[in-house]
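**Q** Quick check, what structure comes out for this input:
(one chain, ligands or ions: 2)
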Amino acid sequence: MSSIKVRKICCIGAGYVGGPTMSVIADKCPEIEVKVVDINKERITAWNDTDLNKLPIFEPGLDQIISRTRGRNLFFSSEMEKAISDSDMIFISVNTPTKTKGLGAGQASDLSWVEASARQVAKFAKGHTIVIEKSTLPVRTAQAIKEILNTTNRENQKNEISKTFSVLSNPEFLAEGTAISDLENPDRVLIGGEDPIAINALVNIYLNWVSREKIICTNLWSSELSKLAANAFLAQRISSINSISAFCEATGADIQEVAKAIGTDKRIGNQFLCAGPGFGGSCFKKDILNLVYLSGYFGLPEVANYWNQVVLLNTWQQDRIYKIVLEKLFGTVNGKNIAILGFAFKANTNDTRESPAIRIASDLLEEGALLSIYDPKVSFERVQEDFEEFSFDNQGIWKMANSIPDALKEVDAVLILTDWEEFFGLDWNYLASLMRVPAWIFDTRSVVNRQEIENTGLNLWKLGERS
Ligand code: UDX
Ligand code: ADP
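**A** Ligands and ions are numbered 1, 2, ... in the order given. Now for the predicted structure:
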């Protein structure tokens, strides 16, 4: 089989997936030049900032990789045309949010950004180019990309410009907060495609640090569907444990004990069994809704209903938490001070997309609560943007706090929504002295110790435990 030696890679999209993934490829393959391009100039400027604390994405270990690769063989740029035309391999890693308008609104993925990227590739690429879907996409999107590339190809042939493309699917399974270790030591690398030469070129890149047994090659459609199915299975597990958390509160069973007991069964496994305020992040909800939409499209309404229930349960869990806070605070939070500890959708990231905190906090604001929000990595601007879609009719007001004690001053309640390391082992004796009496702690992430809290005289509600 003839082979292609990849010398230059371009990635369209410098986001949570494109940025870290390309940094690791550049780190592991010093002989390859990697260029990450984005239409968002501010984002590119932030990726090029000499102060590594100002990178647009917080991921443990990312700053070290950037410091050894940036300017060596890793470059962030807004010059799309040159980056595309120079490259042998192009990753498409742009956003694919749920459609808000038109056919499939609320469920189907909006592919405008993918389509725009494919058109840019079709226009600027030279010679033979391997085009790789990295973003999670609906099954059969590769077909659309192929059609865009091939139509332009026919136009080019008429004008005697010769360019050819191979399209591969290579979904990314990294989780935020552990992106670098997931990329450096993946459970598997999935490559879907038809052109063995292109597949081989991509396999060879991964072989720089991933063993051959971990690289799975499939057809395009299996690869696309596997990514959606993996996320749906993971999200389903969270909705399952969250449904049991409500059961525990009703019966007196303890969710930690139940999770441990069922997790010791090898067939079930002990990971992804932490009950919480519901899953957030850019992928789970979007991908399940996409699966629901596609199931309907392919005439499988029972399949669509099955998966839709995972999303409904997730929203229910968030509503349930907000209603419990309300109920414990005598049915009203109007004018009451509440501290929110954690706004990111999970620990170790500054990402708040679909964070349960957005819905729970905005419901409390709607009821007139006065919120002081503390998160070690989420900025004021990010929270402001997240609240933009809500207009609070009531007088709810929010502010960001600089520290945990600052957030807890004079509050009637503390609501723990993210499992940041620094929220474990706090000095609750001291913190209780800052709060009003009687004050409540609502712990949705099993962060605090019941005995310790009860010794301070604070009231405690813990998810998955009977109060
Ligand atoms: C997920 C997938 O894990 C990853 O493979 C895919 O590439 C992208 O989507 P991510 O959303 O970054 O990654 O984080 P993940 O760790 O999966 O957590 C998602 C949400 O589920 C978070 O809100 C998290 O707090 C929640 N979660 C996770 C739980 O509530 N309980 C758990 O046991 C695990
Ligand atoms: P993900 O979590 O999938 O990485 P992000 O929203 O973090 O998603 O990142 C996607 C990036 O793709 C954004 O920075 C966005 O500006 C960029 N992008 C979208 N469309 C294009 C395009 N046509 N050309 C270049 N960059 C694009």
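**Q** for ligand 1, what are the nearby residues on this structure?
**A** Where proximity means Cβ under 6 Å from any ligand atom, the interface of the chain facing ligand 1 comprises 172-176, 231, 234, 238, 272-274, 276, 279-281, 283-284, 345-346. Any C-beta I mention is one placed from the backbone N, CA and C, and that applies to glycine too.
**Q** hmm, which of those residues are the buried ones?
**A** Buried members of the residues of the chain next to ligand 1, scored by 16 or more other Cβ atoms under 10 Å, are 172-174, 176, 231, 234, 238, 272-274, 276, 279-281, 283-284, 345-346.
**Q** among these, which are in helices?
**A** 231, 234, 238, 284 (DSSP state H).
**Q** distance of the second one from residue 60?
**A** In other words, residue 234. 21 Å (Cβ to Cβ, to the nearest Å).
**Q** Not counting residues beside it along the chain, what's closest to residue 118?
**A** residue 148 (4.3 Å; Cβ to Cβ, 6 or more residues apart in numbering).
**Q** wait, that neighbour sits on residue 119?
**A** Yes: in this structure residue 148 lies within contact range of residue 119 using Cβ atoms under 8 Å: 6.1 Å.
**Q** Comparing these two, which residue is more hemmed in?
**A** A count of neighbours by other Cβ atoms under 10 Å puts residue 148 above the other of residue 148 and residue 119, at 21 against 14.
**Q** before we move on, which element is the more buried one in?
**A** When secondary structure is defined using DSSP states H and E, the element that contains residue 148 is helix 141-158.
**Q** pLDDT weak spots in the stretch 101-250 of the chain?
**A** Applying pLDDT under 70 to the predicted model, the residue ranges of the stretch 101-250 of the chain that meet it are 153-161.
**Q** just the helices in the stretch 151-300 of the chain please.
**A** For the stretch 151-300 of the chain, the helices defined by DSSP state H, counting those that start in this stretch cover 179-184, 196-206, 220-251, 255-263, 284-297.
**Q** just checking, what packs against the last one?
**A** When you say that, I think you mean helix 284-297. Secondary-structure packing of helix 284-297 (3 or more Cβ pairs under 8 Å, 6 or more residues apart in numbering; DSSP states H and E): helix 220-251, helix 301-328.
**Q** for the longest one, same thing?
**A** Helix 220-251 sits against helix 141-158, strand 163-169, strand 189-192, helix 255-263, helix 284-297, helix 301-328, with contacts defined as 3+ Cβ pairs under 8 Å, 6+ apart.
**Q** Distance to residue 76 added to the ones you listed, as TSV?
**A** Supplementary listing: the helices and strands packed on helix 220-251 in TSV, determined by distance: least, Cβ to Cβ, whole Å:
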stretch	distance to residue 76
helix 141-158	24
strand 163-169	23
strand 189-192	24
helix 255-263	41
helix 284-297	25
helix 301-328	35
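**Q** thinking again about what came up before, which of the helices and strands packed on helix 284-297 sits closest to residue 370?
**A** helix 301-328 (13.5 Å; Cβ to Cβ).
**Q** Point out the other helices and strands that that closest one packs with.
**A** Applying 3+ Cβ pairs under 8 Å, 6+ apart, one finds that helix 301-328 contacts helix 220-251, helix 284-297, helix 356-366, strand 413-416, strand 440-443, strand 459-462.
**Q** Name the residues of the following helix or strand past the fifth one that are buried.
**A** Elements were assigned by DSSP H and E; along the chain past strand 440-443, the next helix or strand is helix 450-456. By neighbour count, with 16+ other Cβ under 10 Å as the criterion, the buried positions of helix 450-456 are 453, 456.
**Q** Okay, helices next: where are they in the stretch 1-150 of the chain?
**A** According to DSSP H, counting those that start in this stretch, the stretch 1-150 of the chain carries its helices in the segments 18-28, 41-47, 62-69, 80-86, 112-124, 141-158.
**Q** Just name the most buried of these.
**A** Across the helices of the stretch 1-150 of the chain, the average number of neighbours (mean count of other Cβ atoms under 10 Å) peaks for helix 18-28, which reaches a mean of 24.
**Q** Is stretch 81-94 positioned near ligand 2?
**A** Yes: where contact is defined by Cβ under 6 Å from any ligand atom, part of stretch 81-94 touches ligand 2, namely 93, 94.
**Q** tell me the mean pLDDT over that stretch?
**A** Averaged across stretch 81-94, pLDDT comes to 96.
**Q** Quick check: end-to-end length of it?
**A** Stretch 81-94 has an end-to-end distance of 16 Å (criterion: Cα to Cα, to the nearest Å).
**Q** who in the stretch 101-250 of the chain is up against ligand 2?
**A** Taking Cβ under 6 Å from any ligand atom as the measure of proximity, the stretch 101-250 of the chain contacts ligand 2 at 113, 116, 117, 135.
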